[in-house]
Structures are given as C-alpha cells and as structure tokens.
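K.L.:
everything below, folded, please.
(chains A, B and C)
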Amino acid sequence: MSEGERKRPDEREDDVSAASAGEQRTGALEDGVSAVNIGERRSGAPEDGGSAVSAGEKRTEAPEAGAAATGAGTSRPEAAETAADGARTEPAAPARRKETEEEKAARRKAALEAREAAKAAKAAAAAQDAAAQAGSPGAAQAGPQAASPGAASAGPAGAAAETNEPPPKPPSPNQPRLDRAVQLLRELVADDAVESASINEANDHLPTLVVRKERWLQAAKLFRSHEELNANYLRNVTGVDYETHMEVVYHLLSLDSGHNYAIKVRTDRDRPSVPSVTPVWETANWNEREIYDLLGIDFPGHPDLRRIMMPDDWEGHPLRKDYVPLDPEV
Amino acid sequence: MCVIRTEELLLNVGPQHPSTHGVFRIIVKLDGEIITEATPVMGYLHRGTEKLAESLNYTQIIPYTDRMDYVSAMTNNYVLVHAVEKMMGLTVPERAEFLRLIVMELQRIASHLVWWGTYLLDIGALSPFLYAFNDRERILQLFNELCGARLTYNYMRVGGVKWDAPEGWIDKVKAFVKSMYGKLDDYHALVSGNEIFLSRIKGVGAYDAETAIAYGLSGANLRSTGVKWDLRKNEPYSLYDRFEFDVPVGRNGDCYDRYVVRMEEIRQSLRILEQALEQFPPEGETMGKVPRVIRPPAGEIYVRIESPRGEIGCYIVSTGKAEPYRLKFRRPSFVNLQILPKLLVGESMTNLVTILGGIDIVLGEVDC
Amino acid sequence: MQRFWDDPVSWEAAGRYALVALALLAVVIVFVTYAIYFERKVIGWMQFRQGPNRTGPLGLLQTVADVAKLLVKEDTIPAKADKALFVLAPALAFIPSFTVLAVIPYGLNLPFADLNVGFLYYVALSGVTTIAIVIAGWASNNKYALLGGMRSAAQMISYEVPLVLSVVGVAMLTESLNLRDIVLRQEGYFWHWNVFPQIIGFAVFVVAAVSELNRTPFDLPEAESELVAGYHVEYSGFRFAFFMLAEYVYIYAIACLTTILFLGGWNAPFPQLDFIPGLVWFALKFAFIVFSLFWIRATLPRLRVDQLMGLAWKALLPLALANILLTALGIEWLG
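P.N.:
Sure, this is the predicted structure:
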C-alpha cells in the first residue's frame, strides 16, 4: 500500500491489523506481544515465558513495559511480521477503501494511544528497573517469585516512580487466594510444582496456575482434599494445541466457597501425556477421553482411554493444528 | 452334560431407537431383564464444531452453536457471545440484555417441555407429549416472530441481539406466561400424581450428592441430590441478579426428584419472565458499540451459564485474531451422561429408558 | 337351546348358517376397521389434535388404506428366522380371536354357539394367542422380539388367573357358565346387572382384561419406546396386519364379554326405554367399553414388568379370591 510506506513503523502494524474501521484496541503493543506469543519464544526473562503462556492477562503498565521495553526494539520487526502476517491472511486489507476517513481516524487514535503507552512503558520500565531487580512487580505477574511481599514493595515503589503515569492496577482481589494456592502447592507437593501463577482479569480475576505435569496428580489430589482449596467440582477439562506444545486446562470449582481455579498442565507435542485425574474427579473420565481422541494427549492412569467421538479405527487426531485428513473429501 | 444354560444377552440399544433421544448407542449386557453392564457409544453426531470454529470468526460461529443443543439454542448462543463480550469488555445495552434474558427463559421452558413430553412418552403415556408440544409451539411461534426461526435462531450477536422485538411481541409473551401457569397446574394434575407414573420413577436411578459432584453433574441432575447450585444465582450473569426466583432442590437424587426439580424450574422461569417483562425497557438499542471485526484481545476465558441441561461453558483461547485459536464448549449433556453406566448396572431394561430420559440429554450437545 | 340341533341337515340350513356366519364376520371386520379409525380419532381429540382426516371423507377410509398398504408390502422374513414358526405365529394369533366370537350372544333369539361352558371356551381359546406371541418372539431371531415375547407370555398367563377368578362370582350367581343364561339372569333393569353385586369382580375383570389385550397401561410386550414394538418387530406387511387384527378382534370379544357378564347384555337400563331393541343396547354398552379402552390408552403411562406381575399376583388375585368368598357368603345369607 502506498499509504503504508508513508507511515511510521508503529502505525504500520495498526494499519494492517486494523484493516477495518473502528476497531477497538487495547494497546498496539499488546498485539505485538500476542502475535509473538504463539510459537515464538521471545529471548528474555522467564517472565516473558510466563507471559507468553498465560496469554491474555491484563498486565499493569509496568510489567507490560518491562516485557515490551525489551521487546520494543524488537516489536517493530515483529510488527512488520504481523504486518506481513496480516497481509497474508487478509489480502482484502488494501481493498477496504470505503471508509478511509474512519479508518484513518481510528488508526491515528490508536497510534496516539500506542505512542503514549510506549512512553509510559519506557518511563515505568526505567523506574521499575530501578525499584525492583526481581523483574516481577505488580499485581499480577508470571514467575514463581510472585510472592505478595514482592508485589507490595514494587507496587508503591512503582507508584512513587510513575507520578505522571497512570497508576498501576490495584492488586487483584483474588491475589491472596492465588498466592495461598501456590504456597500450599509448593509446601505440600513439591517446590517446583508451580511453574507460574497469574490472575486472569478478564475472566473475573480467575487464579490461573501452571503446574508441572510430573506433579500434577499430587497437586490435583491436594486441590481436591485440602480444606482451604476444597476444589471438589471439576468443571471443565480442555486440551489446547499450541503448536510448540500442548496444554490441558482444568477449571476447578469449590462448591462450598464458590472459588474457582484454573490449572494448566503443559506437555510437549510429540508423545504428549498428562497424568490422568480420573481417580481424583470422576468427571475427568470422558473429558480426557475426548482430549485423547481429538488431540492425542495420553493420560496415563486413565481407566479406559479410547476414542469417544471419532470411530474406533480413525487415524489421526482431528483437533490438532497439523491434522491432515487421510481423505480430504471426508 | 448340561444342555440348559443361561447366557448373557448382548443387546444393542440404538443408534436408532425411539428412546435414546438421538443417535446414541448403548451396548447392554443383560442377564434376563437385568442389566449387568452398559457401555455408551457416542460420536454419531460429532460434526467437528470446535475444529470448524478455528477457521470462522465469532459471528460465524453463532449459527454453529445453535446446532449443538438444538433444543435450547438460545442459551448456546448466549454462552458464546457472552464469552467474547467478556473478553473484549463490551457492554450490552439494557434492552438487548432484557431481550436475551427473556428468550433464554422462554427457551428454558420450551426445553423443559420437550423433556417432559418425551420423558412421558418413553414411560408410556402418549398424551403429555402432545400437550407439551402444543405449548412449545406457542413459544416457537414467539421466537419465529422475533428472529425468524423456530429452532436454530442465530439470534444473539456479540454486543447485543440481531432483531428487536416487533410490535406487540412483549404483550404476546405476557399472555403466554399467564396461560402457562394454568397449563402447568393441569400437567401436574394429569401426571405428577399418577400412581403408575410415580411407581415408575420413584427410587429409580438414585445417586447421592458426593457422586453427583464427583461426576461433575450440573443442572437438575445435581440439584436433585440436594446441592443448591444454580449458576443463575451462584455465579450470576446477564440480569439474573435483578430478579427474584427460587432454585428448586431435590432430596434423594432419583428420577422423581429430577422430575420435580425440572417442573418447578418451569414455574420459576415463568416467575422470572413475569418480572422481566414488567421491567422491560420500552425503548433502547439492541446492539452495543462493537467494532466491525470482532477481535478479542489475546488471552483466554471460560464462561459458563445455566442451560436447561446444566452448566454450559465456553472456553476460548484468543490470539487477537478474528477467529478463535481454540474454542471449546463444555457441554452439560456430555458430562451428565457419564453417570449413565454407573446407574444402569443392576437395573431392568425398562428402567434404562427411565433413567436415560431423566438425565435429559440432547445428542447434538453430547457429540458437539 | 336345542333348536339348532333339531334342524334337519340340509343345504338350506347350511346355507343359512353360512350366511349368518358371514354376516357376523362382516360385522367384526367393519368393527375392526372403524375401531382403529376411532381409536386414532378419539386419542387425537384427547391430545388436542385431529386424528386422520384426509383419506376419504373425514378420514373414514384410513384403515382401508392402511390395510391395503400392508397387504401389498414385501413379505420379509429375517434370514436366520425359523421360517415355519415365523409364518405360523400370526395365523395362530388371530385364529383364536375369531373362534371365541362364536359363543357371544347378541340377543335373546339371535343364533350363536350355545355352549354350556361358553365362558370357559372363551378363556381356553384366548390362551392360544399367548403361545402364538411367544412363538413370534422366538421365531424372529431378534433379541428385542424375544424379550417382548417372554414378557408377553409372563403377562398373559399371570393375568388369566384373576380374569377367570373374577368371573367365578358371576358364575356362582348365575349357576351357569352359559353366556346367554348369564344375561338372562340380569334381566330387568340396571339394578339387576351384575356390575353392582359384583363390583369388585368387575374392577378386577376390567384390569385383567386390559392386560390380556396387551393395551396400555399393560402394553409392555409392544412397548414402543423400549422394545421397539417387541414381539412383532420383525413382522411387516400382512403378517403384521394379522397381529393387529387379532388385537382388535380381541377388543371386540372382551368388550362383548364385559357387556354380557357385568353390564346386562342386551337388557335396557330403564323400563321406559324398553322399546329400544336389545341389540342397540348391546351395541351402546359395547361402544362405551371400547371407548373406555381408548380413553385409558390416551391417559395412563405404562407399567414396568415387575410392577405388572406384582399387580397381578399380589393385588388382583387376592381381590378376586376375596370376591368369590364374599359372593359365596352373600348367596348363603341373602339367598
């Protein structure tokens, strides 16, 4: 597009991904962040790994900047990648000329926001780097070091440093619960049981933990039986195929207290396997069968792991991203 | 040498069978008339909705949700659009939300009527089926006027609803609600006290609350055991926290309790409808401020609502694109059906039908 | 009556008998046709809908169309079915239903097989149908049919006992098993009918009769929603038509029997209505019973197998025995 060349790099990505007018943006940089989440590991701190995994969490300005500042330099080439991506997946983008005025206005607005966010991010990053070396401040952050003292100290420090920036988000109301859960797991299961823990703000501040799969069965038992957690109701088990790894997401509920937890267990893509929690929650039985059937994740410990949806003699696992049906007509 | 011996009979119930509520197969091992083992086989209606969703944008997925639980399509619509709206932080205008609530409650009544009619048909009474469908017909007519379809509505959109209520529609719904109270009493008089009916379902297929929770049951299946858990009250969504209604709860977890709970739910839905219709905003938008292309920010979300069958959930992993990266529906019928093999062991063949009907499944939802 | 025995054997007499028999056959066939039609209509009206109303004026030719369809259908016999028994079963089912009609008196002077053991003849022959159903279930080489056949055998045998015992009271009052004598004893008006002194017997008889007919609420053998038509699942075409025919002719027979045994046969209820011929009264009472059967079918759900057996042996049988005892005491003390 002729217009594209005239634009600045951070506008360029807006242009492509905002191929239609009036799109709501929550921050151009977040897009850049999300675009690289899947399948691309950013060089950098474990927090990046954490943020890549728990995608979609609303982060405070500071950590976002902390992540994005290192990536700010890289975000432009990545934005270009997104642009290229966008160009590939949306070849119709150049054709949408009907509402250029609106588009332009939206683009400019988004770009303005992005620039301000970048400015804020850089300033906050500078302040944060000065204030906390751990690199995991803020109300919700990835990393096993998400202890509340760390958050509390970084919070006011961050606030003091960013006087003319938007204040950091208040700690999530579920943060104490999350921390307690992490603590219990670390104490009663194993030190390395929890890979990361965060709060999914969009989802009603759902405490989300990533548990190592070797520890998962024990952790599940703990969740079920510990009187503080008491997660007796397994709401949902989902398998997700991120192209570099696979994940099984469990949504737990404690019926008495109404508390929800989300637990993710990661496994690698070739020979994926996650310990079965059917002995803990009977409802996992068919859910795991479905995941096995459609994604191919093995569940050692499952009483009867066989296909459930597809015919018994089906080859392949349809929900995988690289699934190619044997017979394309089917 | 013994010439006479007893053999175990392997009977195949389904996939074509009048009482399996769809294409569903149960392989039953019988000892005379007693079931010793039951193995459900499903997947006959698996259409790959979740896989398809990965290449469709969110508005395009809405018609697919209709076809999952086709008896209760409005709640399916809602769970998807609610998930997307939550991810994007969109607000839905008041009138649209009211319309959504009204159609969801009407849908709950319609779904329970289908359940009632077919359950009684399975038990052997021919007439309630017709009465239930007569009333359901009125609801479907209302839906037809509202959104042009009787079964698969494609009515809700991210940010609101597609069609506004036509002139006089609200009054028609009010009239329906009024008459339905009387009909409900008639149905109770016809069926609920019938000696034969009670002897057929009392004490059949009972389980306790522990089992129900372990198996992840939801809806009337869970409430019949005494667990008071209704997502409309415990995790309110839409406008349910504005209305007064009770959550019927059973005691013994048998088919009779499930029956009573569901019948009471119809009455409570009527109550909610009355209040909602009264408070219905006389004017307002039907669609909120929504971007042209629905692109939720990167992240994931799990929302759940109370469908007539239980907890229907929608888990979305988004990467910021217009299509979801992973879309999973937590279908209540699928989860509720897990308890069937356990309940059937030791029961007679006749009770198979009673128990299966009491769980209230829709195969479109089981197989997705 | 000795008259018919005394008639000389001649072509004329034989011709007369043949004509009467044919007339009766025609009546029965017409009844079956329109009983099916009315069943569908009545149940339809009770369910808020109309029954058949398209084939012929008001749908009156519906059954004719159905029978015609059944007759021209392909005659499928399952591959591994026992062919001889498979073919035998429908015939064995409907033949007794026609033979029992011989002992039904319709009026004081109308001809019929005047057996002294009329009722016993009826009960004995209707038991043959039970065998036929079991044969049908077995010969179909189908597990559903087998289950249905077994259930049916259990059911019909169980309910024959209370059926017969409930009539013993009537027989004691009449001191005869001849059906015409039973009606003659009820001569008078409705207070003479057996339904009042024998109310318990009447109740037991009605319930047992509905069960003998395999009708809802006792229609387990053909429980559509569980056994997918039970013992006649493999039958199609005219073989299926025979089973249906048997069922409806039995309805005819049971309704006639109920009328005769308990409702006074051809006797008028009130003296003022004496001028209406007995046959009309018979027909009215008969129609009422048939209607009640349809009504019950539209209303009640089905009983489960074990509940059904429990009902027969634990409820109806003791009641029937109690009825006999009470009747005996009544005869002894009240004359």
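K.L.:
for chain B, what's its nearest residue on the stretch 1-150 of chain C.
P.N.:
C:Gln47 (3.7 Å; C-beta to the nearest C-beta). Quick note: C-beta positions are derived from backbone N, CA and C, even for glycine.
K.L.:
so that residue sits right up against B:Ala132, yeah?
P.N.:
No: counting by C-beta atoms under 8 Å, C:Gln47 stays clear of B:Ala132, with 10.6 Å between them.
K.L.:
of the two, which one has the most company?
P.N.:
For C:Gln47 versus B:Ala132, neighbours defined as other C-beta atoms under 10 Å in any protein chain shown are more numerous around B:Ala132 (23 against 18).
K.L.:
list the contacts of that one.
P.N.:
B:113-114, B:116-117, B:187 (C-beta atoms under 8 Å, 6 or more residues apart in numbering or on different chains).
K.L.:
in stretch C:129-148, which residues are buried?
P.N.:
The neighbour-count check on stretch C:129-148 (16 or more other C-beta atoms under 10 Å in any protein chain shown) flags C:129-130, C:132-140, C:142-148 as buried.
K.L.:
and B:Leu11, which of the three is it?
P.N.:
strand (DSSP: H, G, I helix; E, B strand; the rest coil).
K.L.:
quick revisit: skipping adjacent residues, who's closest to the residue of the stretch 1-150 of chain C closest to chain B in space?
P.N.:
B:Leu130 (3.7 Å; C-beta to C-beta, 6 or more residues apart in numbering or on different chains).
K.L.:
likewise C:Ala102?
P.N.:
C:Ala113 is the one closest to C:Ala102 (C-beta to C-beta, 6+ apart), at 4.1 Å.
K.L.:
could you confirm the one you found falls within a helix?
P.N.:
No: assessed by three-state DSSP, C:Ala113 does not belong to a helix; its assignment is coil.
K.L.:
what's the end-to-end length of stretch A:274-290?
P.N.:
For stretch A:274-290, the separation between the terminal residues is 14 Å (C-alpha to C-alpha, to the nearest Å).
K.L.:
before we move on, what about stretch C:302-315?
P.N.:
Across stretch C:302-315, first to last residue, C-alpha to C-alpha, it's 17 Å.
K.L.:
identify the residues contacting that stretch?
P.N.:
By C-beta under 8 Å, 6+ apart, stretch C:302-315 touches B:33, B:123-125, B:196, B:199-200, B:348, B:350-351, C:151, C:154-155, C:158-159, C:161-162, C:207-208, C:211, C:216-220, C:223.
K.L.:
just flag the most distant two among the contacts of B:Ala132.
P.N.:
Using C-beta to C-beta, these reach their maximum pairwise distance at B:Val114 and B:Tyr187, which is 13.4 Å.
K.L.:
follow-up on the earlier one: so which of the contacts of B:Ala132 is the most crowded?
P.N.:
B:Leu113 leads these on contacts (other C-beta under 10 Å) with 29 neighbours.
K.L.:
pLDDT on stretch B:152-169, on average?
P.N.:
Mean per-residue pLDDT for stretch B:152-169: 91.
K.L.:
ok, B:Gln268 - contacts?
P.N.:
B:245-248.
K.L.:
from B:Tyr259, how far off is it?
P.N.:
As judged by C-beta to C-beta, to the nearest Å, B:Gln268 and B:Tyr259 stand 15 Å apart.
K.L.:
counting neighbours, what do you get for whichever residue of chain B sits closest to chain A?
P.N.:
When scored by C-beta to the nearest C-beta, chain B has B:Gly299 as its residue closest to chain A, at 1.2 Å. Burial of B:Gly299 is recorded as 25 neighbouring residues (other C-beta under 10 Å).
K.L.:
now A:His226
P.N.:
A:His226, neighbours per other C-beta under 10 Å, totals 14.
K.L.:
my guess is it meets A:Val189, correct?
P.N.:
No: with contact defined as C-beta under 8 Å, A:His226 does not count as touching A:Val189 (10.2 Å).
K.L.:
who's in contact with the closest residue to B:Asn77 other than its chain neighbours?
P.N.:
Among residues not flanking B:Asn77 along the chain, B:Met156 sits closest, at 4.1 Å (C-beta to C-beta, 6+ apart). By C-beta under 8 Å, 6+ apart, the contact set of B:Met156 is B:62, B:74, B:77-78, B:80-81, B:100, B:162.
K.L.:
how is chain A carved up into domains?
P.N.:
A:28-161, A:175-295 (automatic domain parsing).
K.L.:
comparing the ones you listed, which yields the minimum mean pLDDT?
P.N.:
domain A:28-161 - the lowest mean pLDDT of the domains of chain A, at a mean of 46.
K.L.:
which residues in chain A form strands?
P.N.:
Remark: strands assigned in chain A by DSSP state E are A:194-200, A:206-211, A:233-242, A:245-254, A:259-268.
K.L.:
quick one: closest of those strands to C:Leu61.
P.N.:
Using C-beta to C-beta, the strands of chain A put strand A:233-242 closest to C:Leu61, at 57.6 Å.
K.L.:
element containing the closest residue in space to C:Pro111 that isn't next to it in sequence?
P.N.:
Distances taken as C-beta to C-beta, 6+ apart place C:Val20 nearest to C:Pro111, at 5.7 Å, with adjacent residues excluded. Using DSSP states H and E, C:Val20 maps to helix C:11-46.
K.L.:
over to C:Gly310?
P.N.:
Using DSSP H and E, C:Gly310 falls in helix C:305-310.
K.L.:
quick one: mean pLDDT over whichever helix or strand comes after that helix.
P.N.:
Next in sequence after helix C:305-310, counting helices and strands by DSSP H and E, comes helix C:317-334. Average pLDDT, helix C:317-334: 93.
K.L.:
in the stretch 1-150 of chain C, what residue is nearest chain A?
P.N.:
C:Lys143 (22.8 Å).
K.L.:
buried set for stretch C:11-27?
P.N.:
C:Leu24.
K.L.:
contact partners of that stretch?
P.N.:
In contact with stretch C:11-27 (C-beta under 8 Å, 6+ apart) are residues C:7, C:98, C:101, C:111.
K.L.:
nearest spatial neighbour of the first one, skipping sequence neighbours?
P.N.:
By the measure of C-beta to C-beta, 6+ apart, the closest residue to C:Asp7 outside its immediate chain neighbours is C:Ala13, 5.0 Å from it.
K.L.:
so which bits of the stretch 51-200 of chain C are right by chain B?
P.N.:
C:143-144, C:147 (C-beta under 8 Å from any C-beta of the partner chain).
K.L.:
pLDDT added to those, as CSV?
P.N.:
Shown next, in CSV, are these (pLDDT from 0 to 100):
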residue, pLDDT
C:Lys143, 77
C:Tyr144, 75
C:Leu147, 78
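K.L.:
interface residues of the stretch 251-368 of chain B facing chain A?
P.N.:
Counting by C-beta under 8 Å from any C-beta, the stretch 251-368 of chain B sits next to chain A at B:291-293, B:295, B:297-304, B:311, B:313, B:315, B:317-321, B:325-326, B:328, B:330, B:334-335, B:337-338, B:367-368.
K.L.:
so which of these sit within helices?
P.N.:
B:334-335, B:367 (DSSP state H).
K.L.:
mind listing the helices for the chain?
P.N.:
Picked chain A for this. Under DSSP H, chain A gives helices at A:2-6, A:9-17, A:28-37, A:46-53, A:61-89, A:100-131, A:148-161, A:175-188, A:216-225, A:284-295.
K.L.:
that's the wrong chain, I meant chain C
P.N.:
Assigned helices in chain C, in chain order: C:3-6, C:11-46, C:62-72, C:83-99, C:118-139, C:143-174, C:179-185, C:199-212, C:224-227, C:237-262, C:278-299, C:305-310, C:317-334 (criterion: DSSP H).
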